[in-house]
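Colleague: Just the structure for this:
(4 chains)
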There are 2 protein chains.
Amino acid sequence: MSDMESGRPGRGVRLEDVAQLAGVSMKTVSNVVRDYPHVSAKTREKVQAAIDELGYRPNLTARRLATGRTGMLALAIPELDQPYFAELSRHIGEEATRRGYRIIIEQTLNDIEAERAVIRDREEGLVDGVIFQPVRVDTMEIARLRPDTPVVLLGEGARPLSADHVMIDNVAAARGGIDYLLAQGRTRIAFFGMVRRDPTQSTHLRLLGYQEALLAAGAVSDPKLVVETDGFGVDDGVAALTAALDAGVQFDAVFCRDDLFAMAALRVLDRAGLRVPEDVAVLGWDDTALARYSTPALSSIAPDKAAIARTALDLLEDRMGGFDGVGRHRIVPHTIAERGTTAPSGR
Amino acid sequence: MSDMESGRPGRGVRLEDVAQLAGVSMKTVSNVVRDYPHVSAKTREKVQAAIDELGYRPNLTARRLATGRTGMLALAIPELDQPYFAELSRHIGEEATRRGYRIIIEQTLNDIEAERAVIRDREEGLVDGVIFQPVRVDTMEIARLRPDTPVVLLGEGARPLSADHVMIDNVAAARGGIDYLLAQGRTRIAFFGMVRRDPTQSTHLRLLGYQEALLAAGAVSDPKLVVETDGFGVDDGVAALTAALDAGVQFDAVFCRDDLFAMAALRVLDRAGLRVPEDVAVLGWDDTALARYSTPALSSIAPDKAAIARTALDLLEDRMGGFDGVGRHRIVPHTIAERGTTAPSGR
DNA sequence: CTGAAAGCGCTAACAA
DNA sequence: TTGTTAGCGCTTTCAG
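Modeller: So this is what the prediction gives:
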């Protein structure tokens, strides 16, 4: 009660200070701090009192040096503000917290050097493991530069035999999307977002699924229905799709590489006076906030982001626990989030 | 050249090993590693060769323990996947990288206990400073639980005298938004997104600016034009605005608390058959991806997020550098991103 | 300009 | 159950 000194900062209070005040050894204090089970009740109490009085808190850095564990994971992604990555990060952050890890974010900003730094050593000794979605570096490079830190890869970009990997089945998901559109009676389905010089593998896989499904259904497969763009931006998409429309390309559904292109499609169709979904259905990919909040609300291929997070952490914890087998590849489920842009008729 | 062993992992290579191989002391190696200027060229060369041969990389944790600096900053925000925070995080991440810091993300998920943990000690000894946007804890609590780690606060939630603070002038920004709408000839402007039991201060400030501007302009100020909602979700918004419309409330512009509510407004207006911006103008707040990608593209109050990041880091670096004055409050600029939803007439 | 040695604060064998 | 004592790997006075 006469704790006049209560405002004293904890700075500088060490384990040893606590030990001294409590009249025990450092080891005992350490045991109490870490909830080591074999400590007598009275000792624990005494120590706890000293801890409280001094306002002691363990120095995480020192603990790390002593244990070798950092309790941190790095999440290396292109851009934090791209809706898909923002949502993925949220899930990974939550899952990590649940398991007692902290997340340090590494934005590669689509820069190949930044990606190389990630696989090389940027995180050396700083984190226990890294979750990495590469977009520029290729499989071989990742395999070669294998770091000492456990890594799990996300996305379709690279799949070296040496690293674990989590993704959804892009081909199957695309096929499912097309089948879904076909089942609604759409006959001329465009593939929108074939980005020229796309460094990623994703687009190709999605296009592949698109073609497979069309072929399997004996539906129209016309090269003109594959709309190429000059980049990943909405503007690129708007320009490309507008050009296609102007060139007289006809379609009653647009299967988009991702939600961003779907936003572009919505804008172009609106300008062209085409109604969605009555005249043209639109299906996005990633099921981001963009899809949920647009008008009309966008239907979208929905990767199970929580499952991606969970699986990635599972694999990583195996590795951190010493598992040293060959790279494992996990396919995570996806669904189709059905919303207004694909409803057979108005909302 | 006969480096048969080149695949050997760097794991376990210590400063001492390098020193031994190079035939110098640890101190010298340390100097080379850290680019200490006063090292003779030949020594440096010799040491560098040893470093390369051994594949040595400094152990960050050990360095930290020795220096006391972690080189890391914590960014504590409610949710990483809320567009505004995702974008803010991107900027802060970039700025931090530029200055040589890494960012660890702490999602508070709007949980008051998580926020308390942040200001208390969750990051003790783990980071050099924290950037924190509180939404639940109040000013006094933050002031009381002042941690030993430098903190800069973001947002309007709390402004204790003891901590630095960065925000945009919400009242002025709201006033500016209303003036802008007024200048376009709008006469009945609704305020949309007066969230019931909103724990944050932002909404009130924005409403205040709205009222001030209306009053100053001698424009219509009708309590019915303030649309209350039950929560922050788009669904809450849709329900509330639909109800207002059904109740016969008339307006020719909607000033939204944030972009999410603007998305809700767009949806409701579309359903009601009202054209945007011809019949009703819509102005959002935050200038997120939602605004840029919607159709029509949303005009929005745009806080200068890069400036927020820069300013926050500036203040934090001052504190980390030893500055110990009273809390400083920085106002960062904002603009109005003019897009389709407020254009006087169609696109 | 370089070397020797004492920490940074904590954990973990090994004893007691 | 608790104490003693080395480290963990790096930085940093203080000499030389």
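
Colleague: Point me to the helix or strand that includes A:Glu106.
Modeller: In this assignment (DSSP states H and E), A:Glu106 forms part of strand A:102-107.

Colleague: Using PDB, write out every CA atom in that strand.
Modeller: What follows is strand A:102-107, C-alpha atoms only, in PDB (Å, rounded to 0.1, in the frame of the first residue of the first chain):
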ATOM      1  CA  ARG A 102       4.700 -13.200 -33.600                       C
ATOM      2  CA  ILE A 103       4.800 -12.200 -37.200                       C
ATOM      3  CA  ILE A 104       7.300  -9.900 -38.900                       C
ATOM      4  CA  ILE A 105       6.200  -8.700 -42.200                       C
ATOM      5  CA  GLU A 106       8.500  -8.500 -45.200                       C
ATOM      6  CA  GLN A 107       7.100  -6.800 -48.200                       C
END
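
Colleague: Quick one: distance of it to the chain centre.
Modeller: 12 Å (Cα atoms, centre = their mean, to the nearest Å).

Colleague: Show me which residues of chain A are close to DNA strand C?
Modeller: By Cβ under 7 Å from any atom of the strand, the residues of chain A that approach DNA strand C are A:12, A:14-16, A:26-27, A:30, A:33-34, A:56, A:58-59, A:62-63, A:65-67. (C-beta placed from N, C-alpha, C; glycine too.)

Colleague: Buried members of those residues into ChimeraX, please.
Modeller: The ChimeraX selection below is limited to those of these classed as buried (16 or more other Cβ atoms under 10 Å in any protein chain shown):
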select /A:15,30,33,56,58,59,63,65
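
Colleague: coming back round to it: neighbouring contacts of the strand holding A:Glu106?
Modeller: When contacts are defined by Cβ atoms under 8 Å, 6 or more residues apart in numbering or on different chains, strand A:102-107 is touched by residues A:71-80, A:89, A:92-93, A:96-97, A:114, A:118, A:122-123, A:126-127, A:130, B:72, B:89-90, B:93-94, B:97, B:102-106, B:126.

Colleague: List buried residues within those.
Modeller: By neighbour count, with 16+ other Cβ under 10 Å, the contacts of strand A:102-107 hold A:72-80, A:89, A:92-93, A:96-97, A:114, A:118, A:122-123, A:126-127, A:130, B:72, B:89-90, B:93-94, B:97, B:102-106, B:126 as buried.

Colleague: Filter those residues down to just the ones in strands.
Modeller: A:72-77, A:130, B:72, B:102-106 (DSSP state E).

Colleague: can you put those residues in a markdown table and add pLDDT?
Modeller: Formatted as a markdown table, these follow (pLDDT from 0 to 100):
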| residue | pLDDT |
| --- | --- |
| A:Met72 | 93 |
| A:Leu73 | 94 |
| A:Ala74 | 94 |
| A:Leu75 | 96 |
| A:Ala76 | 96 |
| A:Ile77 | 97 |
| A:Val130 | 92 |
| B:Met72 | 93 |
| B:Arg102 | 94 |
| B:Ile103 | 96 |
| B:Ile104 | 95 |
| B:Ile105 | 96 |
| B:Glu106 | 95 |
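
Colleague: For DNA strand C, state which of those residues is nearest.
Modeller: Nearest to DNA strand C out of these is A:Met72 (Cβ to the nearest atom of the strand; 15.4 Å).

Colleague: Surely A:Val249 is in a helix?
Modeller: No. Read with DSSP: H, G, I helix; E, B strand; the rest coil, A:Val249 is coil and lies in no helix.

Colleague: and the residue nearest to it when sequence neighbours are not counted, what is it in contact with?
Modeller: Spatial nearest neighbour of A:Val249, excluding adjacent residues (Cβ to Cβ, 6 or more residues apart in numbering or on different chains): A:Lys224 at 5.1 Å. By Cβ under 8 Å, 6+ apart, A:Lys224 lies in contact with A:Ala244, A:Ala247, A:Val249.

Colleague: and the closest residue to A:Val118 other than its chain neighbours, bridged to which residues?
Modeller: Once flanking residues are discounted, A:Val118 sits nearest to A:Ala76: 4.5 Å by Cβ to Cβ, 6+ apart. Beta-bridge partners for A:Ala76, by DSSP bridges, are A:Glu106, A:Phe132.

Colleague: and the gap between A:Ala76 and A:Ala163?
Modeller: A:Ala76 is 13 Å from A:Ala163, where distance means Cβ to Cβ, to the nearest Å.

Colleague: sorry, back to before: restricted to helices, list the residues of chain A next to DNA strand C.
Modeller: Assigned to helices by DSSP state H, the following of those qualify: A:Leu15, A:Glu16, A:Met26, A:Lys27, A:Ser30, A:Val33, A:Ala62, A:Arg63, A:Leu65, A:Ala66, A:Thr67.

Colleague: from those residues, which two are the most distant?
Modeller: With Cβ to Cβ as the measure, no two of those lie farther apart than A:Glu16 and A:Thr67, at 18.2 Å.

Colleague: Can you give me the domain boundaries for chain A?
Modeller: A:15-58, A:72-168+A:305-334, A:170-302 (automatic domain parsing).

Colleague: Any idea which of these gets closest to B:Ala265?
Modeller: Using Cβ to Cβ, the domains of chain A put domain A:170-302 closest to B:Ala265, at 9.6 Å.

Colleague: Give me the average confidence score over that closest one.
Modeller: The average pLDDT within domain A:170-302 is 95.

Colleague: Could you tell me the end-to-end distance of it?
Modeller: Counting by Cα to Cα, to the nearest Å, you get 11 Å between the two ends of domain A:170-302.

Colleague: Please apply the same query to stretch A:250-266.
Modeller: 16 Å.

Colleague: In terms of helices and strands, where is A:Val152?
Modeller: Assigned by DSSP H and E, A:Val152 falls in strand A:151-154.

Colleague: need the contact list for the most centrally placed residue in chain A.
Modeller: Residue closest to the mean C-alpha point of chain A, counted by Cα atoms, centre = their mean, is A:Leu88 at 3.5 Å. By Cβ under 8 Å, 6+ apart, A:Leu88 lies in contact with A:Ile77, A:Leu154, A:Lys305, A:Ile308, A:Ala309.

Colleague: Tabulate those residues (TSV), appending distance to DNA strand D.
Modeller: Shown next, in TSV, are the contacts of A:Leu88 (distance: Cβ to the nearest atom of the strand, whole Å):
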residue	distance to DNA strand D
A:Ile77	28
A:Leu154	30
A:Lys305	37
A:Ile308	33
A:Ala309	31
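
Colleague: Correct me if wrong: A:Ala289 contacts B:Tyr84.
Modeller: No. At 10.9 Å, A:Ala289 does not count as touching B:Tyr84 under the criterion of Cβ atoms under 8 Å.

Colleague: Now the phi/psi pair for A:Val24, please.
Modeller: Main-chain torsions, A:Val24, degrees, to the nearest 10: phi -130, psi -180.

Colleague: Next, count neighbours for it.
Modeller: 18 (other Cβ atoms under 10 Å in any protein chain shown).

Colleague: Need the contact partners of stretch A:171-186.
Modeller: With Cβ under 8 Å, 6+ apart as the test, stretch A:171-186 has contacts from A:189, A:205-210, A:212-214, A:216-217, A:219, A:252-253, A:255, A:281, A:283, A:285, A:301, A:303, A:334, A:336, A:342, A:344.

Colleague: brain fart, stretch A:263-282
Modeller: A:181, A:184, A:186, A:192, A:234-238, A:241-242, A:245, A:251-254, A:256, A:262, A:290, A:294, A:296, A:298-299, A:340-346, B:293-297, B:347.

Colleague: Which residue ranges of the stretch 201-347 of chain A form strands?
Modeller: Counting by DSSP state E, counting those that start in this stretch, the stretch 201-347 of chain A has these strands, from start to end: A:226-229, A:253-256, A:281-285, A:299-303, A:329-332, A:334-337.

Colleague: Just give the nearest non-adjacent residue to A:Val33, would you?
Modeller: With sequence-adjacent residues excluded and distances taken as Cβ to Cβ, 6+ apart, A:Val33 is closest to A:Pro58, at 5.7 Å.

Colleague: Likewise for A:Gly237?
Modeller: According to Cβ to Cβ, 6+ apart, the nearest residue to A:Gly237 is A:Ala264 (3.0 Å).
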